[in-house]
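J.: I'd like to go over a predicted model; first the sequence, then the structure.
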Amino acid sequence: MASGRIVLIVGATGSIGRAVCGSLAAANAVVVGAGRTMPTEEEGADLPGGFVHCDATDYASVEDMLAAVVRWHGAIDGVIDCTSVRKGKAAGLLESLDPGAFASAVSSAIVPLLNICHASLPHLRARRGFLITLASDVGKVAGPAQSIIAATQAARMMFVRSLASEIARDGVRINCVSTSFVADTEVYRETLAGPRGHRVEAAAKRAGLGLPNAGELAALMRTLASKDMARITGQIISINGGLST
């Protein structure tokens, strides 16, 4: 299992990140959190390894984050990327979108993942460690009003698959947990209350097993972090309650 392993969670104060921290802390991992928002006192209880401020869009900030973890604990066994991307101006029919927002929409969805993986690899290679990230199922299931979002999420998925083939020879693995709407998260509640709320309601009805919650995603990530999963890499694993296959 993850007991005793030093695991860094980037995006630790988001809904999914908090659930992952709690799940790994319960498995006795040395959980270190990172992100742009400082944790509350309650959230800090699931971060026995400490918290470091990091802006994952800035490569130097990512390097400083990793250096801090190594300084505190001597090594890093795994990095889990739970950074969230707000769809904002990237959601909608393509012709309705502002072309001036295209570059930032693509960059914000992909650059943090590239920064985290690139900077982490030397540390993970030394420990035969692991990387886990998130993506949205829109990257593999086509739908209207999601063309830019779909492109960025498909890019994340193919990046994971390609990188897995590069780093397996070094004993490092990377996997991706893909999902759709995640119940009981800030993004879910905001979307439900907004103009796209009907899409959330429709998705909940179509998901025969019910929409997943953050705790269920965290349980899957905890499993992927286990040493028992040492032969699993390059996989895109969907957890969506049967919304799509």
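T.: Nice, I can see it.
J.: only C-alpha atoms for contact and neighbour calcs from this point on.
T.: OK.
J.: shaky segments in this protein?
T.: The chain contains residues with pLDDT under 70 at 1, 85-88.
J.: ok, residue 41 to residue 171 distance?
T.: Going from residue 41 to residue 171 by CA to CA, to the nearest Å gives 36 Å.
J.: between these two, who's got more neighbours?
T.: Comparing residue 41 with residue 171 by other CA atoms under 10 Å, the one with more neighbours is residue 171, at 15 against 8.
J.: how close does the more buried one sit to residue 216?
T.: From residue 171 to residue 216 the distance is 27 Å (CA to CA).
J.: mind listing what's buried in stretch 171-180?
T.: 172, 173, 174, 175, 176, 177, 178, 179, 180 (16 or more other CA atoms under 10 Å).
J.: which of the residues you listed lies closest to residue 25?
T.: Relative to residue 25, the closest of the buried residues of stretch 171-180 is residue 177; by CA to CA it sits at 19.4 Å.
J.: spit out the contact partners of that closest one.
T.: 132, 133, 134, 135, 217, 220, 221, 236, 237, 238, 239 (CA atoms under 8 Å, 6 or more residues apart in numbering).
J.: which element is the second one on?
T.: The one in question is residue 133. Element membership of residue 133 [criterion: DSSP states H and E] is strand 130-136.
J.: for residue 19, helix, strand, or coil?
T.: helix (DSSP: H, G, I helix; E, B strand; the rest coil).
J.: ok, it touching residue 222?
T.: No. Using CA atoms under 8 Å, residue 19 is not in contact with residue 222, being 10.3 Å away.
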